[in-house]
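[1] next come a sequence and a model predicted from it.
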Amino acid sequence: MTADILIQVLVSGLLIGLIYALVAVGLTLIFGVMDIVNFAHGEFLMLGMYASFWAFALFAIDPIVALPLTALLLFAVGVIVYQTVIRRILKAPMLSQIFATFGLMILLRGLAQFFWKPDHRLIPHSLVSGNIALGPVQFGLPQFVAALGAVGVTGALWLFLHRTRLGTALEATAIDREAATLMGIDGQKMFALAWGIGAACAGLAGGLIATFFPIFPEVGSNFILIAFVVVVLGGFGSVTGAFLAGIIVGLIEVLGGFLVGPEYKTAIVLSLLLIVLLVRPRGLLGKA
Amino acid sequence: MTTGTTSSRKAPISRKAMGTAALLALAAVLPLAITEPSQQNFLILILMGAQMGVAWNIVGGYAGQVSLGHAVFYGIGAYTSTMLLTTLGLTPWIGALAGGLLAAIFAIAMGWPCFRLKGHYFAMATIAVAEIVQILVTNSDALEGAVGLYLPMDRNGWGWLIFLSKLPYYYVILGLLVLTVLVSWLIERSHIGYYFRAIKDEPEAARALGVSLTRYKLIALSVSAFLTALGGSFYAQKEMFIDPGSVFAGTISIKIALIAILGGVGRLTGPVLGAVILITIEEYSRTLFGSTGSGTDMIIYAAMIILVAVFSPSGVLGLLGDLHRHLGRHLPGTKPAEVKTEKMEIRP
């Protein structure tokens, strides 16, 4: 009986952990390529959720069907943000860099609140709904599909980074910017690409969870903190590390909530952030 | 301090002192002219914002350690003085001091490990700590959790720092702001202030010269925490009700940092200017669009923060300075140096 509950808990931890991983890979990619922490990353996820919501509410397009559109839209948002703001603060003092993405976070939240109201919204009757029962273990189909999608996107990103010319150039920029520039890689183009892909990943995560998670302007604040934990645990800049760390954080969150009490689950995850920062600042797979 | 210097150097300082005195006198008589309670409340909010910003600036501006979790100190101040008042019947004069000390101790305990982190990592760690404390307080039965704490109505007057009109609150927060500015000013002028700036601008060089980075960062954080906690106690006294959402929330941390950033970090008057701008926008958008949910104030000051970050890292104050210098260059017969000292005078 208790074993069944434990398995149930672990499965739901794994499912949410894969979503965390997808949010975090974008964050870690941006950091790895240009040493800037994007405090507005949770807001990219929020925009992805709203893109799904409006596609559904206005054109009756299911969130799952709308995913490519969401990805494209958020890629554009990421590139625009890079070209208008980030490009100008690349050489600015760190304080300015923190303020810029921090300001962006507040701006996007404010705009969402202004145009779309602070109400919690839900997408009813999505294509994927209901539960799956595997023996004693039960889980929601939307959660399962979202986790599956997260694995697919993260996998595709990994393949892109390691198997394509463009991806390798991006990876090279992350490893050693100067050497990459000497090899004829256009740094500016890579930076814009990192922001586009990073935002698209967060947007896809938003689109995937829009089928079962309430949508509201400040939804990103829940995810950005957890994404920080994942990025730090995985090692800043490491996509593979973020993937593993996402799963670990998901498991710890659900297990901690189960053992200590659900109201403390976020506190437990954030304590993990502090522990990692203090004990092993470079994380699991980060650069030394 | 100035007696040994030449008269040309002495003059602007005494003029500056006169300007400060005039400003203080103006602040003291202002609520006698503005008697409408809602307008007096608006002035109080500005002073509260300025006090938070000046306190934050000590660690975030001078020492360059960006804290995005200052609500933790604000909350500790508010909860300590209120708990001591409701359970032991202790006057908030002592309760606020206790809250300040507790916040300073907490700052040292939190800073000790967190200051091993640099820049972005430190900012993240402060968010995490504040969030953890908010969750713990929200779920604590002893602190009434999410329900919140009410201050007793029956004990009012100067002994209990609870008043039935706005005016006394105005003078209390004005006094607290003056104290906070004074502490900052003393730090700015002392050797500690030099060390802070060295830590911010040239940490490696400072370390090489034997400046203990952690020690001075801890001093900056604990002084800032102490003053922020006093502000929190004042909030409790003024509102007579506190809950985790009103004093420990992440939005409070954001507001505190925004005020200082907006006005200009690292300068004494920056946060004061930031408070005037931010609170005015906040209140104006509230009357224009209703109390909840419009988000217009957020949009306006977020846009300002981004502009400031992109174009002028030294805040609106720096932006004004640039503008003034720029204009000054085109004015016939003005030397840039003179323009610069003039700029110092204009700053309140």
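    Yep, that arrived.
[2] ok, which stretches of chain B are strands?
    In chain B, strands defined by DSSP state E lie at B:149-150, B:241-242, listed in chain order.
[3] repeat for the stretch 101-250 of chain A
    Along the stretch 101-250 of chain A, the stretches classed as strands by DSSP state E, counting those that start in this stretch are A:131-134, A:137-140.
[4] what's the last one in contact with?
    To tie it back to what came earlier, the one meant is strand A:137-140. A:4, A:7-8, A:11-12, A:15, A:130-132, A:212 (Cβ atoms under 8 Å, 6 or more residues apart in numbering or on different chains). Just so you know, the C-beta spots here come from the backbone N, C-alpha and C atoms, and that holds for glycine as well.
[5] need the residues of the stretch 51-200 of chain A near chain B, please.
    The stretch 51-200 of chain A comes close to chain B at residues A:85, A:88-89, A:92-100, A:102-107, A:109-114, A:117-118, as judged by Cβ under 8 Å from any Cβ of the partner chain.
[6] need the buried ones from the residues you listed selected in PyMOL.
    Selecting only the buried entries of these in PyMOL, with 16 or more other Cβ atoms under 10 Å in any protein chain shown as the criterion:
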select buried, chain A and resi 85+88+89+92+93+94+95+96+97+98+99+100+102+103+104+105+106+107+109+110+111+112+113+114
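[7] flag the shaky bits of the stretch 151-288 of chain A, pLDDT-wise.
    A:287-288 (pLDDT under 70).
[8] tabulate the strands of the stretch 101-250 of chain A (CSV), appending mean neighbour count and mean pLDDT.
    Output for the strands of the stretch 101-250 of chain A, formatted as CSV (neighbours: other Cβ atoms under 10 Å in any protein chain shown; pLDDT from 0 to 100):
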stretch, mean neighbour count, mean pLDDT
strand A:131-134, 10, 80
strand A:137-140, 15, 82
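[9] looking at those strands, which is closest to A:Lys189?
    strand A:137-140 (40.6 Å; Cβ to Cβ).
[10] buried stuff in stretch B:73-81?
    So, applying 16+ other Cβ under 10 Å, buried residues of stretch B:73-81: B:73-81.
[11] and stretch B:302-311, anywhere near chain A?
    Yes - Stretch B:302-311 reaches chain A (Cβ under 8 Å from any Cβ) through B:302-306, B:308-310.
[12] what comes up buried for that stretch?
    B:302-306, B:308-310.
[13] the closest residue to A:Ala202 other than its chain neighbours: what secondary structure?
    Spatial nearest neighbour of A:Ala202, excluding adjacent residues (Cβ to Cβ, 6 or more residues apart in numbering or on different chains): A:Phe44 at 3.7 Å. Of the three states, A:Phe44 takes helix under DSSP: H, G, I helix; E, B strand; the rest coil.
[14] give me the pLDDT value at A:Phe44.
    Note for A:Phe44: predicted pLDDT of 97.
[15] can you give me the helices for chain A?
    Taking DSSP state H to define them, one finds helices in chain A at A:2-34, A:41-59, A:63-84, A:94-116, A:141-163, A:165-175, A:177-182, A:187-209, A:219-234, A:239-260, A:265-279.
[16] what about the second one, distance to the chain center?
    Relative to the mean C-alpha coordinate of its chain, helix A:41-59 is positioned 14 Å out (Cα atoms, centre = their mean, to the nearest Å).
[17] okay, the angle between it and helix A:187-209?
    Helix A:41-59 and helix A:187-209 are oriented at 60 degrees to each other (axes from the mean of the first three to the mean of the last three Cα atoms, to 10 degrees).
[18] mind putting the strands of the stretch 101-250 of chain A into a markdown table with distance to B:Thr269?
    Compiled in a markdown table, the strands of the stretch 101-250 of chain A are given as follows (distance: least, Cβ to Cβ, whole Å):
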| stretch | distance to B:Thr269 |
| --- | --- |
| strand A:131-134 | 60 |
| strand A:137-140 | 55 |
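[19] what's the closest of those strands to B:Ala142?
    Comparison of the strands of the stretch 101-250 of chain A against B:Ala142 by Cβ to Cβ identifies strand A:137-140 as nearest, at 37.2 Å.
[20] and stretch B:265-272, end to end?
    Start-to-end span of stretch B:265-272 (Cα to Cα, to the nearest Å) is 11 Å.
[21] what does that stretch rub up against?
    Contacts for stretch B:265-272 (Cβ under 8 Å, 6+ apart): A:95, B:50, B:52-54, B:56-57, B:60-62, B:64, B:181, B:184-185, B:188, B:197, B:200, B:259-260, B:263-264, B:314-317, B:347-348.
[22] go again with 6 Å.
    Residues from elsewhere that reach stretch B:265-272, judged by Cβ atoms under 6 Å, 6 or more residues apart in numbering or on different chains: B:50, B:53-54, B:57, B:61-62, B:184, B:259-260, B:263-264, B:315, B:317, B:347.
[23] pLDDT below threshold where in the stretch 1-150 of chain B?
    For the stretch 1-150 of chain B, the stretches with pLDDT under 70 are B:1-13.
[24] that one: helices as residue ranges?
    For the stretch 1-150 of chain B, the helices defined by DSSP state H, counting those that start in this stretch occupy B:7-33, B:37-57, B:71-88, B:92-114, B:120-138.
[25] make JSON lines out of these and add distance to B:Phe289.
    Shown next, in JSON lines, are those (distance: least, Cβ to Cβ, whole Å):
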{"stretch": "helix B:7-33", "distance to B:Phe289": "27"}
{"stretch": "helix B:37-57", "distance to B:Phe289": "17"}
{"stretch": "helix B:71-88", "distance to B:Phe289": "25"}
{"stretch": "helix B:92-114", "distance to B:Phe289": "35"}
{"stretch": "helix B:120-138", "distance to B:Phe289": "28"}
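[26] of all these, which lies closest to B:Glu282?
    Closest of the helices of the stretch 1-150 of chain B to B:Glu282 is helix B:37-57, at 8.1 Å (criterion: Cβ to Cβ).
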